[in-house]
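Peer 1: return atomic coordinates for the entry below.
(one chain, ligands or ions: 4)
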Amino acid sequence: MAYDKELAAAIKAASLAARLCRKVQKALLQSDVRSKHGRNKSPVTVADYGSQALVSFVLQQEFPGEFSLVAEEDSNDLRKDGGGEIVERITKLVNESLTSDGSYGVSLSSEDILKAIDSGKSEGGSQGRHWVLDPIDGTKGFVKGDQYAVALALLDRGNVVLGVLACPNLPLTSISFAHPHSPNNEVGCLFFAEVGRGTYMQPLDGSSTVKVQVSAVENPEEASFFESYEAAHSMHDLSSLIAQKLGVKAAPIRMDSQVKYGALSRGDGAIYLRFPRNGYREKIWDHAAGSIVVTEAGGVVTDAAGKQLDFSKGKYLDLDTGIIVSNQKLMPLLFDAVRASLAQKSKPQP
Ligand SMILES: Nc1ncnc2c1ncn2[C@@H]1O[C@H](COP(=O)(O)OS(=O)(=O)O)[C@@H](OP(=O)(O)O)[C@H]1O
Ligand SMILES: [Mg+2]
Ligand SMILES: [Mg+2]
Ligand SMILES: [Mg+2]
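Peer 2: Ligands and ions are numbered 1, 2, ... in the order given. Have a look, this model is predicted:
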């Protein structure tokens, strides 16, 4: 159908990148983690760069001449003093991944790798097509040995038309709510969705595919909810107030990254709440793939004012307060609880 070739290329690129990330996570060395500069320091590893270079290279091979990529990382830090050894390591990792796949008979130089990383500098927008990539979403989870995802989506005239979430540490069967963070030796899973065609899940080794649906739970007392692992990324006290107003009984499931969208798309939980602290601007690569994976599985993704997420404005999502995700039946109740909780929080305390 409309995006078949793009979807096949995206699955291939994300699977290769996920394999690279697994390899690095297994052998994670302190020296593989570099710090980003800036106020909110977030880690970046050779796997973030390797994954971005690999996805960028594969997509450019598949779609020569018509390429735009909005991606999280750039090569600025790598080009600074001392980057040489790290760039060599990334280059080796990417070349090993390409050789293992066998489709591309090339060996990339360090400069090719830096260029591939930097071709992710597009600003996106409402015109034409743009790939959107988070090469590792949840780098903090990745470094800890927990959940992370390679998240790749395609925008066509400002709308997300396909999304792939490769989740190397997410078991194929429902996650254990008691131990959502334990890494496992399973193959991991990959979700993919195309607009109008539903959401599917397959093992990362691609051996079989199943259609997935969000939870059909209508009673909030039976619903469980996801939120960020990091309290700095989402206000846990606010989500706990919302859960209390809804009557949710289960404790929150805290996981890093868009794995939360993937798990929700197959009904592992029924609600995802995300309320960043004041002043944080959400980036499109943190939600593009996850949101289509959930909506094509029958779910609803809006901001806290009930508006659809708008991916057409460049690399930032202009949002009202937060992001809420659920199934169609629970959404009206959730929305009321969110509104009441936000109003309560904004009242001056006596
Ligand atoms: N201050 C702040 N507030 C909100 N969000 C932030 C913040 N800082 C970072 N980020 C982004 O959060 C991405 C990680 O996803 P999650 O927040 O879902 O997972 S986590 O539990 O917080 O790790 C993470 O994505 P990656 O950088 O790709 O890991 C960030 O883009
Ligand atoms: Mg990051
Ligand atoms: Mg991210
Ligand atoms: Mg990232």
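
Peer 1: alpha carbons only for contacts and neighbour counts from here, please
Peer 2: Noted.

Peer 1: residue 261 should be in a helix, yeah?
Peer 2: Yes - the assignment for residue 261 is a helix, going by DSSP: H, G, I helix; E, B strand; the rest coil.

Peer 1: so how far is residue 323 from the residue nearest to it when sequence neighbours are not counted?
Peer 2: Excluding its sequence neighbours, the residue lying closest to residue 261 (CA to CA, 6 or more residues apart in numbering) is residue 290, at 5.1 Å. Separation of residue 290 from residue 323 (CA to CA, to the nearest Å): 12 Å.

Peer 1: kindly report the same for residue 70.
Peer 2: 21 Å.

Peer 1: can you check residue 62 too?
Peer 2: 33 Å.

Peer 1: could you do residue 189 as well?
Peer 2: Using CA to CA, one gets 24 Å for the distance from residue 189 to residue 323.

Peer 1: one step back: give me the more crowded residue out of residue 70 and residue 323.
Peer 2: residue 70 (26 against 23; other CA atoms under 10 Å).

Peer 1: surely residue 10 forms part of a helix?
Peer 2: Yes - under the criterion used here (three-state DSSP), residue 10 sits inside a helix.

Peer 1: quick check, it in contact with residue 61.
Peer 2: No - using CA atoms under 8 Å as the test, residue 10 is too far from residue 61 to be in contact (11.8 Å).

Peer 1: between those two, tell me which one has more neighbours.
Peer 2: residue 10 (26 against 13).

Peer 1: and the more buried one, what is it in contact with?
Peer 2: 59, 152-153, 164 (CA atoms under 8 Å, 6 or more residues apart in numbering).

Peer 1: what is the neighbour count of the closest residue to ligand 3 within the stretch 151-300 of the chain?
Peer 2: The stretch 151-300 of the chain approaches ligand 3 most closely through residue 286 (4.5 Å), counting by CA to the ion. The burial count assigned to residue 286 is 22, neighbours taken as other CA under 10 Å.

Peer 1: thought it was touching residue 132?
Peer 2: No - counting by CA under 8 Å, residue 286 does not reach residue 132; the two are 9.3 Å apart.

Peer 1: break down this protein into its helices, ranges please.
Peer 2: 4-26, 46-62, 76-79, 83-101, 110-118, 139-144, 236-246, 259-265, 288-295, 331-346 (DSSP state H).

Peer 1: what about the ones you listed, which gets the closest to ligand 1?
Peer 2: Taking CA to the nearest ligand atom, helix 139-144 is the member of those nearest to ligand 1, at 4.0 Å.

Peer 1: apart from its chain neighbours, what residue comes closest to residue 306?
Peer 2: Nearest residue to residue 306, sequence neighbours excluded (CA to CA, 6+ apart): residue 335, at 7.2 Å.

Peer 1: shouldn't that neighbour be in contact with residue 303?
Peer 2: No - in this structure, residue 335 is not within contact of residue 303 by CA under 8 Å, at 9.7 Å.

Peer 1: residues of the chain that sit close to ligand 1?
Peer 2: Within the chain, the residues that sit near ligand 1 (CA under 6 Å from any ligand atom) are 134, 136-141, 228-230, 232-234, 255-258, 276, 280, 286.

Peer 1: of these, select the buried ones using a PyMOL command.
Peer 2: Applying 16 or more other CA atoms under 10 Å to the residues of the chain next to ligand 1, the buried members can be selected in PyMOL as follows:
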select buried, resi 134+136+137+138+139+140+141+228+229+230+234+255+256+257+258+276+286
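
Peer 1: so what's the closest residue to residue 342 other than its chain neighbours up against?
Peer 2: Closest residue to residue 342 apart from its sequence neighbours, by CA to CA, 6+ apart: residue 238 at 7.8 Å. Residues in contact with residue 238 (CA under 8 Å, 6+ apart) are 275, 341-342, 345.

Peer 1: returning to what we had before: which one of the contacts of residue 10 sits closest to ligand 1?
Peer 2: Nearest member of the contacts of residue 10 to ligand 1, counting by CA to the nearest ligand atom, is residue 152, at 11.8 Å.

Peer 1: and residue 277, what does it touch?
Peer 2: 232-235.

Peer 1: at 7 Å what do you get?
Peer 2: Neighbouring residues of residue 277 by CA atoms under 7 Å, 6 or more residues apart in numbering: 233-235.

Peer 1: pop the domain breakdown of this protein in here.
Peer 2: 3-211, 220-346 (the TED database).
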